[in-house]
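S.K.: predicted model, plus sequence, below.
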Amino acid sequence: MGSLTEQALKPAFLDGKPKLMLIDGKHVAAESGKTFQTINPTTGKPLADVAQAGPADIDKAVAAARRAFDEGPWRKFSPFDRQAVLLKLADLLDRHFDELAMLDTMDMGGPIASTSARRRRGIAMLRFYAGLATSLHGQTIDNSQAGDIFTYTLREPVGVVAAINPWNGPLGLAIWKIAPALAAGCTIVLKPAEQAPLSPLRLGELCLEAGIPPGVVNIVAGFGDAGAALASHPGIDKIAFTGSTEVGQHIIRASAGTMKRVSVELGGKSPNIVFADADLDEAVPGAAMAVFANSGQICSAGTRLFVERKIHDEFVARVAAYAKTLRVGNPMDPNTQLGPLVSGEQLERVTDYLAKGKADGARALSGGSRITEGELAAGYFVAPTIFADVNDSMSIAREEIFGPVISAMPFDTVDEVIRRGNATEYGLGAGVWTRDMGNAQRVSRGLRTGTVWVNCYQVMDAAVPFGGYKMSGYGRESGTEHMDEYLQTKAVWLKNPPIRL
């Protein structure tokens, strides 16, 4: 399956040697000596052996980050200096992006056309946060106390950050955690997902090359025990987590013992609402790729497709027809639009939901099964699926599947679709397709969700905040609000001594 192409293009990082952790500026093996294999989901074959972090390794990484924050040269880095290393890292990212994109394609199955297209976003994030490094400031406050007392606030870095990421965007998510932490003056221990750790480990090497001092950025790959050790570690001041709601809840509980600061971006079951007056030529591919991009492995995917009844049947049929034109295949092929799911475990989860949908009476207009024929049979491929005859109570309409599965349902009125759109424990994203800006505003205000896209979907920018309501988490990433997650506010009261003549 493209093995000759893969061998010819294999990144130098995949040199056959075990991939070690980055702790205190050094590549180190696990204290236990354990490694695990990261698997190519296209072929089901191993890509590399990776050092498996355990609690002892977490202790080492946190100690290194603590020293770098409390004692190391990082404390002496001015805002200008922090900006300079982030800009240098952005230049290095640009120079090495083809390699990093290929690592993500091979490690988690994202089509190379998609992972390569994320160059601009990755560089933009680093440059955006580099700009914020020099624009942090407190306030002077006119207080009402008696006497000559001057009050002001300082914004100070929160300290040592533990960042725990999922596997659906390894490189971009690593940047999204590292860049704001460094801009604020924090140090960080990043644990990428065990399913796709390669590009974050390579990014750690580029951090050193950019001049970020040892111990400021530490990368440790491992399983749940490593994440749990970070979440409860007394040396950690803040946790930034992206992943499932269930794991997020465990992390919040584990953090309580030391009262860590926590921000969590969790799951979603986002409504995507199409009105009859929408530009259907735009809305059909928009609704399809709101879910099928990244093979549905996006937390804010618009998986609940609500279509105004008068166009429901026609529109859903058009989305199904569009799905059948999408090229599912080897993600190393630049013409591939959908790659595999990330793992055998995720494949089992998605196919279980496909079976549940059919058992509950939903009808698959496209896809509906794993691809079991031809060269794709060895990988974790699922055909893009759209279910009709779905109702709100079905598991496929209520639960996050994290695969290329759309549940389509009709609606009749604006109030009804707002109510049904909100009838979920999640509140991460939503879409509205209409030419009526009154309806667009009404629905945008009515939905309890962190982002609403109107006549588009999944558009992202480093300057625009992203995050969730309800069980989709709290805290924001991107935008100036993101920096608040990594800063403390200190109030200073300064009473001038009396003047003695």
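M.R.: Yep, it's here. Please read these numbers as outputs of a predicted model, since none were measured by experiment. Numbering: from 1, shown residues only.
S.K.: which ones are touching Ile59?
M.R.: Careful, residue 59 is Asp; it's not Ile. Applying CB atoms under 8 Å, 6 or more residues apart in numbering, we find Asp59 in contact with Ala229, His233. (Glycine included, C-beta is placed from N, CA and C.)
S.K.: which SSE is it in?
M.R.: helix 55-70 (DSSP states H and E).
S.K.: what average pLDDT does that helix get?
M.R.: Mean pLDDT, computed over helix 55-70, is 98.
S.K.: need the next SSE after it, C-terminal direction.
M.R.: Following helix 55-70 toward the C-terminus (DSSP H and E): helix 79-108.
S.K.: need the contact list for Trp74.
M.R.: Ala68, Gly185, Thr187, Pro213, Gly215, Val216.
S.K.: give me the domain ranges for the protein.
M.R.: 8-266, 271-460 (automatic domain parsing).
S.K.: quick check: bridge partners of Thr489?
M.R.: Counting by DSSP bridges, Thr489 is bridged to Arg155.
S.K.: check which helix or strand the most centrally placed residue in the chain maps to.
M.R.: Nearest to the geometric centre of the chain sits Leu173, at 4.8 Å (CA atoms, centre = their mean). Using DSSP H and E, Leu173 sits within helix 170-184.
S.K.: if we can go back for a sec, is it true that the residue nearest to the centre of the chain touches Ala179?
M.R.: No - judged on CB atoms under 8 Å, Leu173 makes no contact with Ala179 at a distance of 11.1 Å.
S.K.: give me the number of residues near Trp493?
M.R.: Around Trp493 there are 11 other residues, counting by other CB atoms under 10 Å.
S.K.: mind listing residues that contact whichever strand or helix holds it?
M.R.: Following DSSP H and E, one finds Trp493 within strand 487-495. Residues from elsewhere that reach strand 487-495 (CB under 8 Å, 6+ apart): 136, 138, 143, 147-158, 184.
S.K.: among those residues, which pair sits farthest apart?
M.R.: Gly147 and Ala184 (33.9 Å; CB to CB).
S.K.: looking at these two, which is more packed in?
M.R.: More crowded of Gly147 and Ala184, by other CB under 10 Å: Ala184, with 27 against 8.
S.K.: isn't that one up against Ser135?
M.R.: No - the criterion here is CB under 8 Å, and Ala184 misses it with Ser135 at 11.4 Å.
S.K.: circling back to that earlier point, and the gap between the residue nearest to the centre of the chain and Pro234?
M.R.: As for Leu173, its distance to Pro234 is 26 Å (criterion: CB to CB, to the nearest Å).
S.K.: cool, Pro214 as well?
M.R.: Pro214 is 22 Å from Pro234, by CB to CB.
S.K.: higher neighbour count, the two?
M.R.: With neighbours defined as other CB under 10 Å, Pro214 and Pro234 compare such that Pro214 has more, 19 against 9.
S.K.: show the pLDDT at that one.
M.R.: For Pro214, the predicted pLDDT is 98.
S.K.: do the same with Arg500
M.R.: For Arg500, pLDDT reads 74.
S.K.: quick revisit: grab the nearest non-local neighbour of the residue nearest to the centre of the chain.
M.R.: Asn165 (4.5 Å; CB to CB, 6 or more residues apart in numbering).
S.K.: which residues touch the one you found?
M.R.: Leu173, Ala174, Lys177, Leu190, Lys191, Pro192, Ala193, Pro200, Thr242, Gly243.
S.K.: give me that answer again for 10 Å
M.R.: With contact taken as CB atoms under 10 Å, 6 or more residues apart in numbering, Asn165 is in contact with 172-174, 176-177, 190-193, 196-197, 200, 227, 240-243.
S.K.: cool, and Ala462?
M.R.: Contacts of Ala462 (CB under 10 Å, 6+ apart): 121-129, 131-132, 175-176, 179-180, 477-479, 482.
S.K.: from those, which ones fall inside helices?
M.R.: Counting by DSSP state H, the contacts of Ala462 place 121-129, 131-132, 175-176, 179-180, 482 in helices.
S.K.: nearest to His250 among the residues you listed?
M.R.: Trp176 (21.3 Å).
S.K.: just checking, the closest one touches Glu485?
M.R.: No - with contact defined as CB atoms under 10 Å, Trp176 does not reach Glu485; the gap is 11.3 Å.
S.K.: which residues of the stretch 101-250 of the chain fall in strands?
M.R.: Residue ranges of the strands in the stretch 101-250 of the chain, as given by DSSP state E, counting those that start in this stretch, are 140-141, 149-157, 160-164, 187-191, 217-219, 238-242.
S.K.: which neighbouring elements make contact with the third one?
M.R.: Under the contact criterion of 3 or more CB pairs under 10 Å, 6 or more residues apart in numbering; DSSP states H and E, the helices and strands touching strand 160-164 comprise helix 55-70, helix 170-184, strand 187-191, strand 217-219, helix 224-232, strand 238-242, helix 245-255, strand 261-265.
S.K.: what's the answer for the last one, then?
M.R.: With contacts defined as 3+ CB pairs under 10 Å, 6+ apart, strand 238-242 has these neighbours: strand 160-164, helix 170-184, strand 187-191, helix 224-232, helix 245-255, strand 261-265.
S.K.: and it, which strands flank it?
M.R.: Partners of strand 238-242, by DSSP bridges, with direction: strand 160-164 (parallel), strand 261-265 (parallel).
S.K.: got the angle for that strand vs strand 187-191?
M.R.: 30 degrees (axes from the mean of the first three to the mean of the last three CA atoms, to 10 degrees).
S.K.: strand 238-242 to strand 149-157, inter-axis angle?
M.R.: Using the same axes, to 10 degrees, strand 238-242 lies at 50 degrees relative to strand 149-157.
S.K.: can you point out the buried residues in strand 238-242?
M.R.: Residues of strand 238-242 classed as buried by neighbour count (16 or more other CB atoms under 10 Å): Lys238, Ile239, Ala240, Phe241, Thr242.
S.K.: list the contacts of the nearest residue to the first one once chain neighbours are set aside.
M.R.: Computed as CB to CB, 6+ apart, the closest residue to Lys238 that is not its neighbour in sequence is Arg261, at 4.0 Å. Contacts of Arg261 were listed using CB under 10 Å, 6+ apart, and they are 158-159, 161, 236-240, 255, 475, 485-488.
S.K.: tell me the secondary structure at the nearest residue to Pro18 once chain neighbours are set aside.
M.R.: Spatial nearest neighbour of Pro18, excluding adjacent residues (CB to CB, 6+ apart): Asp49 at 4.3 Å. Classification of Asp49 by DSSP: H, G, I helix; E, B strand; the rest coil places it in strand.
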